[in-house]
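1. Predicted model and sequence follow; I will ask about them next.
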Amino acid sequence: MGLNCGIIGLPNVGKSTIFQALTSAPAQAENYPFCTIEPNVGIVNVPDERIQGIADLIRPQKKISAMVEFVDIAGLVKGASQGEGLGNQFLGHIRQVDALLHIVRCFDDDDIVHVHGTVDPLSDIETINIELCLADLETVNKKYESLAKMFKSHHKDIQKEAAFLKPILERLRSTLEKGEPARSMPMDKEEEEAASNLHLITMKKGLYVCNVDESSLSVKNQWVDRVYAHAKEEGSGCVVICGKIESEIASLDGVEERLQFLKEIGLKEPGLATLAKAAYDLLELKTYFTAGEKEVRAWTFQNGMTARECAGIIHSDFQKGFIKADIYHYNDLLECQSEQKVKEMGRLRQEGRDYLVQDGDIIHFKFNV
């Protein structure tokens with residue numbers, strides 16, 4: 001299991017610049033709309049100091065962090081749902097990601113053209129959200145039109161499914177017509193499962209990323225305050241980063257040089273580390289570890305998964321032939337300073353298939369196939 005995030009926003013808000021800094025991968029970043037047409041994809045390590053903490057005590061041959069995949073999707077514009085600015089193609093890319101990182105321009109710069117001529121984050125957000133709602137509304141309407149055929153079916157199960165879907169689709173249509181995302185509509189578990197089959201863009205969780213200038217890192221500017229207020233009202237997350245500074249950090253060679261630069265500008269960690277963590281938390285993803293002489297590795301899992309399900313993240317055979325799991329926590333290892341001491345102190349536990357894995361668990365799976 002991994003995290004896949006789509007970077008969206010209007011043209012010229014700093015999406016490609018932030019993507020380049022995130023991934024140190026080449027992406028086109030120019031001062032004109034639609035510079036990015038095909039999505040750029042980059043894989044980023046999730047910052048987690050526990051990896052090094054475990055490695056210092058276990059002494060593995062290598063360390064492997066959890067990964068986040070970032071997809072830099074071309075800027076959307078008003079009318080994208082009707083195909084403006086190659087909108088249909090871009091919306092298709094958005095449907096394929098797990099979560100949305102909405103980059104919002106919160107800086108003024110006469111040298112960087114704003115697609116609407118003036119900086120107005122809330123207007124920019126509204127433009128993007130309306131286009132996504134309109135795209136989803138088209139999907140819902142098409143599904144609603146197909147119900148007539150389902151109701152005429154000779155199979156009672158299909159008729160029953162149509163009867164169940166009809167009120168859900170009507171409520172979704174009403175929600176989207178008001179410009180509100182599908183995720184804002186109250187649904188029970190069964191309804192959520194039915195809605196998920198529609199692959200609606202506005203069902204995806206989202207995070208607003210305020211792209212600011214250097215002076216706004218220590219003090220929020222008026223635009224950031226407005227985005228934070230909007231995010232709070234909407235129930236979304238919000239982080240602040242400076243794409244320009246992140247690009248400078250990414251261009252530096254070596255950890256020490258980057259740490260020194262961060263110290264000089266008064267930051268504890270790169271804004272992109274904060275962004276990666278926030279994106280991770282967005283989908284309620286947690287981390288467990290496997291540790292041995294060959295490697296220490298972080299594995300991503302959904303909060304609430306069982307030991308058997310987490311075993312399947314490594315390999316389907318682990319889940320199929322699951323016997324038990326030997327588990328201790330990262331904090332146990334830090335306190336005891338060795339795995340042997342963990343065992344001697346009685347901190348190592350044997351857990352069955354239904355054990356709910358916790359963030360920071362270090363696990364040795366036992367299986368037989």
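-> Perfect, I can see it now.

2. What's the per-residue pLDDT of residue 334 here?
-> For residue 334, the pLDDT comes out at 96.

3. now for the helix or strand where it lies, which elements pack on it?
-> Per DSSP states H and E: residue 334 is located in helix 330-336. Secondary-structure packing of helix 330-336 (3 or more Cβ pairs under 8 Å, 6 or more residues apart in numbering; DSSP states H and E): helix 49-58, helix 339-344, strand 361-367. (Glycine included, C-beta is placed from N, CA and C.)

4. Okay, buried residues for it please.
-> 330, 332-333, 336 (16 or more other Cβ atoms under 10 Å).

5. pLDDT below threshold where in the stretch 101-250 of the chain?
-> 113-117 (pLDDT under 70).

6. can you pull out the helices in it?
-> Per DSSP state H, counting those that start in this stretch, the stretch 101-250 of the chain carries helices over the ranges 121-151, 156-177, 189-196, 222-234, 243-251.

7. JSON lines please, covering those and showing distance to residue 215 and mean neighbour count.
-> Output for the helices of the stretch 101-250 of the chain, formatted as JSON lines (distance: least, Cβ to Cβ, whole Å; neighbours: other Cβ atoms under 10 Å):
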{"stretch": "helix 121-151", "distance to residue 215": "17", "mean neighbour count": "17"}
{"stretch": "helix 156-177", "distance to residue 215": "39", "mean neighbour count": "16"}
{"stretch": "helix 189-196", "distance to residue 215": "43", "mean neighbour count": "13"}
{"stretch": "helix 222-234", "distance to residue 215": "12", "mean neighbour count": "16"}
{"stretch": "helix 243-251", "distance to residue 215": "11", "mean neighbour count": "19"}
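
8. closest one to residue 352 among those helices?
-> For residue 352, the closest of those is helix 189-196, at 25.1 Å, according to Cβ to Cβ.

9. Using PDB, write out every CA atom in that closest one.
-> What follows is helix 189-196, C-alpha atoms only, in PDB (Å, rounded to 0.1, in the frame of the first residue of the first chain):
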ATOM      1  CA  LYS A 189     -21.000   2.700   5.200                       C
ATOM      2  CA  GLU A 190     -23.200   1.100   2.600                       C
ATOM      3  CA  GLU A 191     -23.900   4.400   0.800                       C
ATOM      4  CA  GLU A 192     -20.200   5.300   0.900                       C
ATOM      5  CA  GLU A 193     -19.300   2.000  -0.800                       C
ATOM      6  CA  ALA A 194     -21.900   2.500  -3.500                       C
ATOM      7  CA  ALA A 195     -20.700   6.100  -4.100                       C
ATOM      8  CA  SER A 196     -17.000   4.900  -4.200                       C
END
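
10. Give the buried residues for stretch 294-304.
-> 296-301.

11. which one among those residues gets closest to residue 208?
-> Nearest to residue 208 among the buried residues of stretch 294-304, counting by Cβ to Cβ, is residue 300 at 22.8 Å.

12. Against residue 166, how distant is residue 180?
-> Distance, residue 180 to residue 166, by Cβ to Cβ, to the nearest Å: 20 Å.

13. mind listing the strands for the stretch 1-150 of the chain?
-> In the stretch 1-150 of the chain, the strands defined using DSSP state E, counting those that start in this stretch lie at 3-8, 40-45, 62-64, 67-72, 99-105.

14. Rounded mean pLDDT for the second one, please.
-> Here strand 40-45 scores 78 as its mean pLDDT.

15. could you say what helices and strands it packs with?
-> Short answer (3+ Cβ pairs under 8 Å, 6+ apart): strand 40-45 packs on helix 15-23, strand 67-72.

16. what's the closest of those to residue 120?
-> Per Cβ to Cβ, nearest to residue 120 of the helices and strands packed on strand 40-45: helix 15-23, 17.4 Å.

17. what separates that closest one from the chain centre, distance-wise?
-> 15 Å (Cα atoms, centre = their mean, to the nearest Å).

18. Please apply the same query to stretch 177-188.
-> Worked out by Cα atoms, centre = their mean, stretch 177-188 lies 20 Å from the chain centre.

19. What lies in contact with that stretch?
-> Stretch 177-188 has contacts (Cβ atoms under 8 Å, 6 or more residues apart in numbering) with 126, 129-130, 132-133, 136-137, 168, 171-172, 175-176, 195, 200, 202-205, 234-235.

20. got the buried residues for that stretch?
-> Buried, per 16+ other Cβ under 10 Å, within stretch 177-188: 181-183, 185, 187.
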